[in-house]
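**Student:** Show me how the following folds:
(chains A and B)
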Amino acid sequence: MSSLAPMAETIGNPTLNISIFAIFVLFTLTIVIKVAGGKKTAGQMYTGGASFSGKQNGIAIAGDYLSAASFLGIAGAIALQGYDGFLYSIGFLVAWLVALLLVAELMRNTGRFTMADVLSYRLRQRPVRVAAATSVLAVSFFYLLAQMAGAGGLVSLLLGVSGAAAQNIVIAIVGAVMIAYVMIGGMKGTTWVQIIKAILLIAATAIMTVWVLAKFGLNLSSLMQSAVDTNPAAGEKLLEPGLKYGKNTTTKIDFISLSLALVLGTAGLPHVLQRFYTVPTSKQARKSVEWAIWLIGGFYLLTLVIGYGAGALVGPEKIANAPGKANSAAPQLAFELGGSPLLGIVSGIAFATILAVVAGLTITTSATVAHDLYNQVIKRGKASPEQEVKVARYAALVGGIIAILGGMLAKDQNIAFLVALAFAVAASANLPTILYSLFWKRFNTRGALWSMYGGLISAIGLIIFSPVVSGKPVDPLTGKSPSMLQNVDFHLFPLDNPGLVSIPLGFLLGYIGTVTSKEFNRAKYAEMEVRSLTGHGVAEAIEH
Amino acid sequence: MSEPATNLGERYIAVQESEEFADLRRTFRGFVFPVTAFFLSWYFLYVLLSIFAPGFMGTKVVGNITIGLIFGLLQFVSTFAITFLYARWANRSFDPKADAVGAMMDGRDDHDFADSGDWAPGDVDRALEAERLDDADRRRNP
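**Tutor:** Below is the predicted model of the structure:
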């Protein structure tokens, strides 16, 4: 099998890859059009009318969360860095317990369309909504960038287009299809795309896992031995932590920072929170998260095998030298196992993954722009539903175009890593306010604003002045610096991930802001707390 | 429209100050806070061991299966176990209490009707529907 792949610019059969992807797009677009049906209210646009069951939503959450970063990024990280890649997936999974225990049900009980609904519930509406919307847009932008970067890398790998123009055309096509999903199907259409994608992704990964294990006599230990033998540079280090993060004290602290961001970020991701509004009750929200945890956890167990499998069967050089680098590990493994057909299927699914996740992000941003900024802030809640839906559609269009442009700029970044930055911003800017708002009686507007702006500005500021953006030494293998910008160095902050500083800062500023302000809305506090725990009045939030 | 809304607001305060609600809050926090503290400590123990004791984590137990891998897999096991236990606890212990307190919100009218003895079937439904509409109205124009 491996003789089939002299490392050319492309692997597999581009026509076949494109055909499989086209079939998926046609199939899902048909479904989207079928479920869309007629004119949409704001509720249908943002939450599919809160009509999904917990199980459906749980699968859709898995489809939303198992992004290109999980599938391509983690598999690649395990292939190249062994154990340290596995650490990512554990953080991504454990984080769901924060959502399950502290956030999902209470959010469902107190919100309707957006994260800001909950945060502004007992605080001053307009300033809090503006702050929340700013933070939602920032987090979603980072996340979007990560997904589109994945699309760019995948395109070069599968179509052998290293030319920027051809690559950009494909990214534009992906973006256009995504805009179509959102504008035609709203949240209902998007949810079904995510459900279908989740099932395909998990099934394909399960098949590849069994296939890889079968090659090693169903023995994980001998698979790992083979990965060690194929990678003499890393050797046994693949089996223990530290290959990537154990180099020196800075990388070690960076890893703690990353872990903190991963475990606290999920429950602050706006597009994840948005999914809790697609079910009618908090019990269904609980069930959603239960399903999501089983599926996501199961999937990450599979990526362990996929990652070591790619390390063993494809080998580190081929992965590192392919267009898309680490992100190409899983598709290359598919080619190694099943030749062009399996590669076509896996890359079709990878494209679908990007499409589904980006569609979910676009819905979230359009809901934020139309519901929070346009209706609640600019029109003071007086906009007609038709106006709001119209703005939501335009916002989806603009969001889609930004995603396309971002994808064209963000090629070749490791996407698991970019996603980690989105998690850091979410954990710093959103989570403190969400938790304070749900659990702290005294919490008030100043606390919310300080926490959100403080967390957001510190997280993004630290990223800008981190080695991620500038100043990493040039890698002798590629002749380029792994930083985003070449030939400049203005980094001041030593860590790649800002979480260790910005997350505690977000919590601290929320605390200081709160205790220095006397504002307290007794009635709204009672209403919010009673509703959050009992679900009282939640039925009213459902569109009839 | 403002009259029933005010009543509703007062009822929220009354329920929030009730013994039953305090008990509900205690029940909820008594479960989720300790469990959160546990899984976060357990996760960071794992992270710190990975970063500061890679040698220990790299110790092979069987074949190439290291202590680190087992530790990592135990994170999966604990996450699944907590999910299972929380769902079971919430369905069995929390939901009935929450529903009872929720019924206090809706049911004060209920009790008033029942006490006065002159309620007709449908009164409660009508009151609930009115409250729902008021509430929806109020949310549209906060």
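
**Student:** low pLDDT regions in chain B?
**Tutor:** Low-confidence segments of chain B (pLDDT under 70): B:1-6, B:107-142.

**Student:** Make sure A:Lys441 is indeed in a helix.
**Tutor:** No - counting by DSSP: H, G, I helix; E, B strand; the rest coil, A:Lys441 is not part of a helix but coil.

**Student:** OK, contacts around it?
**Tutor:** Listed by C-beta atoms under 8 Å, 6 or more residues apart in numbering or on different chains, the contact set of A:Lys441 reads A:Tyr525, A:Glu529. For the C-beta atoms, the positions are set from N, CA and C on the backbone; glycine is no exception.

**Student:** Please give me every residue in contact with the residue nearest to A:Gly189 when sequence neighbours are not counted.
**Tutor:** The spatially closest residue to A:Gly189, leaving aside those adjacent along the chain, is A:Val32, at 3.5 Å (C-beta to C-beta, 6 or more residues apart in numbering or on different chains). By C-beta under 8 Å, 6+ apart, the residues touching A:Val32 are A:Ala180, A:Tyr181, A:Ile184, A:Gly185, A:Gly189, A:Thr190, A:Trp192, A:Val193.

**Student:** What pLDDT does the model give A:Ser437?
**Tutor:** The per-residue pLDDT reported for A:Ser437 equals 95.

**Student:** What's the separation between it and chain B?
**Tutor:** Going from A:Ser437 to chain B by C-beta to the nearest C-beta, to the nearest Å gives 15 Å.

**Student:** From B:Phe33, how far out is that residue?
**Tutor:** Per C-beta to C-beta, to the nearest Å, A:Ser437 is found 16 Å from B:Phe33.

**Student:** which one of these two has more residues nearby?
**Tutor:** Comparing A:Ser437 with B:Phe33 by other C-beta atoms under 10 Å in any protein chain shown, the one with more neighbours is A:Ser437, at 26 against 13.

**Student:** Pretty sure that one sits against A:Tyr121.
**Tutor:** Yes - A:Ser437 is within contact range of A:Tyr121, at 7.2 Å (criterion: C-beta atoms under 8 Å).

**Student:** and the one helix or strand A:Ala352 maps to, how far from the chain's centre?
**Tutor:** Using DSSP states H and E, A:Ala352 maps to helix A:329-367. Between the centre of helix A:329-367 and the centre of its chain there are 14 Å (C-alpha atoms, centre = their mean, to the nearest Å).

**Student:** Identify each buried residue in it, please.
**Tutor:** Within helix A:329-367, the residues scored as buried using 16 or more other C-beta atoms under 10 Å in any protein chain shown are A:329-340, A:342-367.

**Student:** by how many degrees do the following helix or strand past it and helix A:329-367 diverge?
**Tutor:** With elements assigned by DSSP H and E, the helix or strand that comes after helix A:329-367 is helix A:385-409. Compare the direction of helix A:385-409 with that of helix A:329-367 by axes from the mean of the first three to the mean of the last three C-alpha atoms, to 10 degrees and you get 150 degrees.

**Student:** Is chain B within reach of the following helix or strand past helix A:385-409?
**Tutor:** Once the chain leaves helix A:385-409, the next helix or strand it forms, by DSSP H and E, is helix A:415-425. No - contact of helix A:415-425 with chain B (C-beta under 8 Å from any C-beta of the partner chain) is absent, the minimum separation being 13.9 Å.

**Student:** got the contact list for the residue nearest to B:Lys60 when sequence neighbours are not counted?
**Tutor:** Distance criterion C-beta to C-beta, 6+ apart; nearest residue to B:Lys60, sequence neighbours excluded, is B:Thr66 at 5.5 Å. If you count contacts by C-beta under 8 Å, 6+ apart, B:Thr66 has them with A:Tyr83, A:Leu239, A:Glu240, B:Met57, B:Gly58, B:Thr59, B:Lys60.

**Student:** What of A:Gly499?
**Tutor:** Taking C-beta under 8 Å, 6+ apart, one finds A:Ser257, A:Leu258, A:Leu260, A:Ala261, A:Leu264, A:Gly265, A:Phe423, A:Ala424, A:Ala427, A:Ser428, A:Ala459 in contact with A:Gly499.

**Student:** what number of residues lie near the second one?
**Tutor:** Translated: A:Leu258. For A:Leu258, using other C-beta under 10 Å, the count is 26.

**Student:** pLDDT score assigned to it?
**Tutor:** Reading off the model, A:Leu258 has pLDDT 91.

**Student:** Check the fourth one too.
**Tutor:** Model confidence at A:Ala261, expressed as pLDDT, equals 94.

**Student:** ditto for the last one
**Tutor:** In the prediction, the pLDDT value recorded for A:Ala459 is 94.
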